[in-house]
Each structure stands twice: as structure tokens, then as C-alpha cells.
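In: Kindly return the folded structure for what I paste below:
(one chain, ligands or ions: 2)
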Amino acid sequence: MTSENRGPKNPMSTDYEHLAAKLTDRGVDVAAVRARLSELVVEVPSWGFGDSGTRFATFLQDGRPRSVVERLEDAAEVQRLTGASSRVALHIPWDAVDDYAQLGREITDRGLTVGTINPNLFQDVDYKLGSITNPDAGIRRKATDHLLECGEIARATGSDALSLWFADGTNYVGQDDLLARRHRMREALQELHAATGSESGPALALLVEYKLYEPAFYATDLADWGSAALLCREIGERAQVLVDLGHHAHGVNIEQIVAILASYGLLGGFHTNDRRYGDDDLITGSVNPFALFSIFFELTALPQLPRISIDQGHNVETKVEAILRSVLNIQDSYAKALLVDRTALAQAQAEGDVNRAHGLLTDAFSTDVRPLTASVREAKGAAADPVAALRDGGYPQKIIDARGKAAGVAGGWGR
Ligand code: PSV
Ligand code: MN
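Out: Residues are numbered from 1 along each chain as shown. Ligands and ions are numbered 1, 2, ... in the order given. Next comes the predicted model:
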């Protein structure tokens, strides 16, 4: 069935009119909400389109991209359908090329912009005992040089930020000196900060990502937001913390972390995904949409959104559609958060009216905002129903025809 024969051409538009009228009655400034929604830019990961897998196997998908240019094609399709995902993050060396200025042009030619550059310090055997924290000075030098190289790649492609995650850590008590490792990390990142300032080219933001565990099991060198925040203060003013939604212990209140980091000017951005157990990297908003909404509720209190990037790996679901759904879930969560009546909320909080305060949030969360986000997409020339448009438009088949079925070719995770 195609979207054309599912009834009226755009059933969303009547739904939108009803919703807009209801919201206006509730005192929502619908035009202001639309304006903020249409400014939303979600950064998509080039690696989210490529091969990924579990610790046990990589599941190759038909039509998956074989090169960075094909990953950009997939990203451009998501942007065409959502109008809200024009930025693409690159991972080096997964996206390594000979000519980075040319890669920058490949990106802008497709109506996209370059997002963060993500160095990869976790797949080289030299890094078994750490990269920039390694006890071996030669290996630390090699790792730091890769960071510096990524700074040059950022400038050549037109990116304004490096997104840094270190798999560094130890598995056993006594394996290495914890504080020495911390000092080694600080030294390398201060060198990177010095090399990426405005004295030598466009200044780059340094986003520092923490993760509780994995691959290390005893002590991860950058395990939590507080540790990352302290380090950022030591690295320099362009360093801020990146919060990956899959990188916390169970039950941790991520929205509180967000509020605190933002209040110190240290909230650099997000890696969004969802999880049930560990760093599951599932579709954003697929497991706990209320948690995603709660984070956006904190973010909508800020003068502007920090960088919102998806960081996911898709093993069993098709990749373009998974990224698409993630962008839509982010749009919907953001829209719901924008509906919260903050004046009424402040009053309920001041009066200690717990149920009313909480109810104002659950009311916003329970609102079906899909006609609103669909209308905002349409106004930008994107699709009201991007998933149906993707399937009806034939892109999934087109990439299978062009790229072939699941043969083992490069595409991510070192393949
Ligand atoms: C590590 O788990 C991580 O979240 C980092 O951001 C990496 O760059 C990314 O995943 C790799 O997929
Ligand atoms: Mn991440």
C-alpha cells in the first residue's frame, strides 16, 4: 500500500488544525513552538549506517553503505525526509579518505554539513592497556598524534568540534596507577586544546564523553560526568562534557546531570540512543520515551539546545529507517517538552503542589504531537510521514540494487 491510497492526501493537516486549536486554548504559543521545532538540528552518525554487531557477530545487511560517500547518501536521505538532520558526524579512520577538503565538499554538495569528528582510539592493538593513558610514552604519543590529526581533519572538512571517547581503563586492581593515568590523560588533552585554538585556525570545541564501564571492568579512566567535568575545567575553555544516554549505571537520573552541567556551562552535547541493559545503542526513545522527554524538558529551559547527536548501532533493524525513527522520536520529545506550561509549573512548585507540578509534565508528555511535528516537517519541504515516504519512495530497494546484497565489505567496526 502506498501513502497515496491510505485515504485523504494529508490526513495530518486536519489533525494539525485540531491540535493547534487545542494548544492555543491551553495557552500555548503555537507559532513560537513551531519556530523552535523547525530550528532543531539532529546530528546523525556516519557509523550508524554502516555494519555493526554484537560482541559475537556482525550482521551484514543488504544494501548497506560500502564507503563514506554511500554513508553520506543515506544521511542525505534522512535529511530529505525529516528536514531536521542536516549534520553528519564522522568517525576516523572508519571515514578516512585521502582528501578531506573534497570530503567536506561531498558533504555540502548533498545539502549536509559536517558535524563532529570522532577519533578512534579503541581498535588498535597498541591500545590494549590504554591510549592517551597508556603507561608506554610511545603509545601515548601515537594516540595524541591521532587526536591532533583529527583536529586537522576537522579543519579541512569544515567541522567545528572533536567528540572524544576513550576506551581507556584497567581490569584489575593494581594493574596501573590510577592517578598517573589521570595525569597522562590531562597532559594529552591539554596538548590537543593548545593545538586546536584560534591561533592556528578555526577554534574547535572539544567534547569529552564519559562511560561507566566497557571495555574496562575495574576502573574506566573517564567513568562519570563529574570526572569528565573536572577534566574539562583542567583542559581549557573549549572543553565540555558529552552525555551519551547509554553510558550510565541503571537508575541514574540523566536529566539532573544535564541540568547541573548546563548550569556550569559544561554541557557540550549528547549522544542519543536507548537502552535496557548496558550501552545497547537502540533507537532513541524506543525503550523509555518518558526519560527522553524528561531530558528535553531540562533542555528547553536553556537559552539554546546543545549539540544533539545520535550514536547508535543497528544490528537487527534496517539502518536508514532506524536513524529516521530516532530523529522523529527526538522531534516528538522536543515538541512535547516545549508544550509544558512553565508559568503554571513554577507556581505549582512554589506552592508545593507536587501532583499538579508532575501533572503538568505528564499532560505535555501525553499530548499526541505527531500532527505538529509532521506539519513542521512539511513546511520545510520534508515528509509528513517520513517512514512511509522512505518505504514508498523506494530508497531501500534502490540501495540494494546499487550496492548489492550482504557481501563482506568495509562498513564500520573495523570491517
Ligand atoms: C562508545 O561506546 C561510544 O559511545 C563512543 O561515542 C564511540 O565513538 C561510539 O560509541 C562508537 O560507536
Ligand atoms: Mn557515544
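
In: how near is residue 190 to ligand 2?
Out: 23 Å (C-beta to the ion, to the nearest Å). C-beta coordinates here come from the backbone N, C-alpha and C atoms, glycine included.

In: show me the contacts for the nearest residue to that residue once chain neighbours are set aside.
Out: Excluding its sequence neighbours, the residue lying closest to residue 190 (C-beta to C-beta, 6 or more residues apart in numbering) is residue 235, at 5.8 Å. Shown here is residue 235, whose contacts under the criterion C-beta atoms under 8 Å, 6 or more residues apart in numbering are 186, 189-190, 192-193, 206, 208.

In: Over to the residue of the chain most remote from its centre: give its phi and psi.
Out: Using C-alpha atoms, centre = their mean, the residue of the chain lying farthest from its centre is residue 351. It sits 37.2 Å away. Backbone geometry at residue 351, expressed as degrees, to the nearest 10, gives phi -90, psi 0.

In: what ranges do the helices span in the stretch 1-150 of the chain?
Out: Ranges of helices within the stretch 1-150 of the chain are 11-25, 30-39, 68-82, 100-109, 137-157, based on DSSP state H, counting those that start in this stretch.

In: out of the ones you listed, nearest to ligand 1?
Out: Comparing the helices of the stretch 1-150 of the chain against ligand 1 with C-beta to the nearest ligand atom, the closest turns out to be helix 137-157 (11.6 Å).

In: pLDDT value on the closest residue to residue 151 other than its chain neighbours, please?
Out: Excluding the flanking residues, the one nearest residue 151 by C-beta to C-beta, 6+ apart is residue 196, at 4.6 Å. Residue 196 carries a pLDDT score of 98 in this model.

In: Double-check residue 196 against residue 162; I have them as touching.
Out: Yes: assessed by C-beta atoms under 8 Å, residue 196 is found in contact with residue 162 at 7.1 Å.

In: check contacts around residue 120.
Out: Taking C-beta under 8 Å, 6+ apart as the definition of contact, the neighbours of residue 120 are 91-94, 146.

In: Likewise for residue 111?
Out: Under the criterion of C-beta under 8 Å, 6+ apart, the neighbours of residue 111 are 76, 79-80, 86.

In: Please report how far the residue farthest from the centre of the chain lies from ligand 1.
Out: Residue 351 sits 42 Å away from ligand 1, going by C-beta to the nearest ligand atom, to the nearest Å.

In: how much space between that residue and residue 342?
Out: Relative to residue 342, residue 351 is positioned 15 Å away (criterion: C-beta to C-beta, to the nearest Å).

In: thinking again about what came up before, now for residue 196 and residue 162: what residues contact both?
Out: Where contact means C-beta under 8 Å, 6+ apart, the residues bridging residue 196 and residue 162 through contact with each are 151, 154, 204, 206.

In: Any idea what the residue of the stretch 101-250 of the chain found nearest ligand 1 is bridged to?
Out: With distances taken as C-beta to the nearest ligand atom, the stretch 101-250 of the chain approaches ligand 1 most closely at residue 165, which sits 3.8 Å away. Beta-bridge partners recorded for residue 165 (DSSP bridges): residue 209.

In: Let me see the contact set for it.
Out: Neighbour list for residue 165: 118, 122, 209, 211, 242, 244 [criterion: C-beta under 8 Å, 6+ apart].

In: Repeat the analysis, applying 10 Å as the threshold.
Out: Residue 165 makes contact with 118-122, 207-211, 222, 242, 244, 247, 271, 311, according to C-beta atoms under 10 Å, 6 or more residues apart in numbering.

In: Considering only the residues you listed, which also neighbour ligand 1?
Out: Taking C-beta under 6 Å from any ligand atom as the test, ligand 1 is in contact with 118, 209, 211, 244, 271, 311 out of the contacts of residue 165.

In: Looks to me like the fifth one is in a strand.
Out: This means residue 271. Yes: remark: residue 271 belongs to a strand, assigned using DSSP: H, G, I helix; E, B strand; the rest coil.

In: Do I have it right that it meets residue 326?
Out: No: Residue 271 sits out of contact with residue 326 when judged by C-beta atoms under 10 Å, with a separation of 11.3 Å.

In: Give the burial count for residue 102, as a bare number.
Out: Each residue near residue 102 was counted by other C-beta atoms under 10 Å, and the total is 12.

In: Offset the numbering so it begins at 13, please.
Out: OK, 13 is where the count begins now, so the last one is residue 114.

In: For it, which residues are in contact?
Out: Contacts were defined as C-beta under 10 Å, 6+ apart; by that measure residue 114 touches 168-169.

In: Could you check the pLDDT of the residue of the stretch 313-427 of the chain found nearest ligand 1?
Out: Of the stretch 313-427 of the chain, the residue with the smallest distance to ligand 1, taken as C-beta to the nearest ligand atom, is residue 323 at 5.0 Å. Per-residue pLDDT puts residue 323 at 98.

In: Burial check on it, number of neighbours?
Out: Other residues lying near residue 323 total 28 when counted by other C-beta under 10 Å.

In: Equivalent analysis for residue 110, please.
Out: Neighbour count for residue 110, taken as other C-beta under 10 Å: 6.

In: residues from this protein in reach of ligand 1?
Out: Residues of the chain lying close to ligand 1 by C-beta under 6 Å from any ligand atom are 59, 130, 177, 221, 223, 256, 283, 291, 323, 325.

In: make it 5 Å
Out: Applying C-beta under 5 Å from any ligand atom, we find that the chain lies next to ligand 1 at 130, 177, 256.

In: Touching, the first one and residue 106? I think so.
Out: The reference is to residue 130. Yes: in this structure residue 130 lies within contact range of residue 106 using C-beta under 10 Å: 8.7 Å.

In: who has more neighbours, these two?
Out: Summary of the neighbour comparison: residue 130 and residue 106, criterion other C-beta under 10 Å, with residue 130 having more neighbours (26 against 22).
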